[in-house]
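> any chance you could fold what I've pasted below:
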Amino acid sequence: MSGRRYERTIDKGIESSIRSITEKRESLLSPRAAISADAVRRYNRKPEDIRTPYSRDADRIIHTRAYTRYIDKTQVFSLVENDHITHRVIHVQLVSKIARTIGRCLRLNEDLIEAISLGHDIGHIPYGHFGESCLSALCEEYGIGKFFHNVQSVQFLDRIEDCDLTMQVLDGILCHNGEADDVKILPEPCQSWLAFDKKVQDNADGRRTKAPMTLEGCVVKFADTIAYIGRDLQDAREVGLIGGVTPLPRECMEVLGDSNREIINTLIYDLLENSDSEDIGYISYSQDVENALIVLRTFSRIHIYENEKLTSEREKVRLMYTTLFMTYLRDLEKTTKESKIFTDFIDTGWVNRNYLQSATCPELVRDFIAGMTDRYFAKRYEECVIPRRFEGKFN
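Below you'll find the model as predicted:
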């Protein structure tokens, strides 16, 4: 073997033919849809190939280490051992499927929808939204601002792993927050990378995220709610948190239905009936459905997310975050090279050098912890608090 790098020569005729097919397919989309010609990258270091820019982005996201860690990040029931409840990796697939179904009916760009969907929750951290509040408090204490998982998703993909994704995909990920009570969303243009970076900073400072710049991003924002709102009820029933003794409010059942299947079906049809992807360009629920959703969110917050059975261990989780943050900050300040923050993060070779050179110590700790799976997080905590034992004799 000569050791030369293998490079396949692409037949220009085939490449041209495929591009022609793509352009023809995109010509059938809504005039409000995002097309490949609109895609903008920050660096564009590699030439485009036979994939559309947004399809390339979806592939790049799937091949990140952050995406791989979805597999062991729980959705709501972080302390429940049950193989049939939803993890992040299932949630993002559900969002992708639901959003693409809506996008197909509205003649929007499914490649863009898929990329945003797959990357939107990469910034989620151990122990869900409560873990986010714990880490956010620590970040404020150490002077690096609040923590938001949508901003962290952009941080992982744009800075830490440096995927050079299109602005349209990163913007959709930043603006995906499905917890907001939005009846109707119109896209808000983002004209430059300077404007996008300001949008990220505004959100990091605690300002409410603006609407996505594309209709596809708006669809994902709604699909995020559709994917979790009924599924969380299904999981709560699976683990015995709610049941026949805790029926849904009547106004929810009458409008949305009682099961995950009925809720998904109702919400998708309502969006399709009330959205406009041809003229003005907006995604919208009817007011009746939005009112029912608000009631259902309130019900879920009381009976699921704030249920005492789920919240009873929270102070232990808070202690875990404090312990790990202080431990890794101390390891950085002392340059303890055998620490996991060096061996599993800083010195791995896959983290972008420009990011490592510009990040402060608290920022490095934040990003290391934010990337942990639930299981890895618990294991690192055990190492911090349980004395190490030696077999037989010291080496």
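> now the helices for the stretch 201-350 of the chain?
215-238, 250-255, 260-274, 287-300, 308-311, 314-333, 340-341 (DSSP state H, counting those that start in this stretch).
> now name the helix or strand holding Gln93.
Per DSSP states H and E: Gln93 is located in helix 88-105.
> buried sites along that helix?
Buried positions in helix 88-105, judged by neighbour count with 16 or more other C-beta atoms under 10 Å: 88-89, 91-92, 94-96, 98-103. Where you see a C-beta, it was placed from the backbone N, CA and C, and this is true even at glycine.
> what do you get for stretch 25-32?
26, 29-30, 32.
> next one: it to chain centre, how far?
Offset of stretch 25-32 from its chain centre (C-alpha atoms, centre = their mean, to the nearest Å): 27 Å.
> neighbouring contacts of it?
33, 35-36, 106-109, 215, 277-278, 281 (C-beta atoms under 8 Å, 6 or more residues apart in numbering).
> so what's the residue nearest the centre of the chain up against?
Centroid-nearest residue in the chain: Asp121, 1.2 Å away (criterion: C-alpha atoms, centre = their mean). By C-beta under 8 Å, 6+ apart, the contact list for Asp121 reads 70, 88, 91-92, 149, 153, 176.
> Gly371 too?
Applying C-beta under 8 Å, 6+ apart, we find Gly371 in contact with 65-66, 69, 125, 156, 160, 345.
> re the thing from before, from Val151, how far out is the residue nearest to the centre of the chain?
13 Å (C-beta to C-beta, to the nearest Å).
> Ala137 too?
Distance check for Ala137 against Val151: by C-beta to C-beta, it reads 16 Å.
> now swap in Arg231 and tell me
Look at Arg231 and Val151: by C-beta to C-beta, they are 24 Å apart.
> ok so, going back, can you pick out the residue with more neighbours from Ala137 and Val151?
The residue with more neighbours, out of Ala137 and Val151, is Val151; 20 against 16, by other C-beta atoms under 10 Å.
> can you tell me, leaving aside adjacent residues, what's nearest to the more buried one?
Nearest residue to Val151, sequence neighbours excluded (C-beta to C-beta, 6 or more residues apart in numbering): Ala204, at 4.9 Å.
> test my guess that that neighbour contacts Ile144.
No. Ala204 is beyond contact range of Ile144, at 9.4 Å (criterion: C-beta atoms under 8 Å).
> which of the two has more neighbours?
More crowded of Ala204 and Ile144, by other C-beta under 10 Å: Ala204, with 20 against 17.
> dump the residue contacts of the more buried one.
With C-beta under 8 Å, 6+ apart, Ala204 has these contacts: 145-146, 148, 151.
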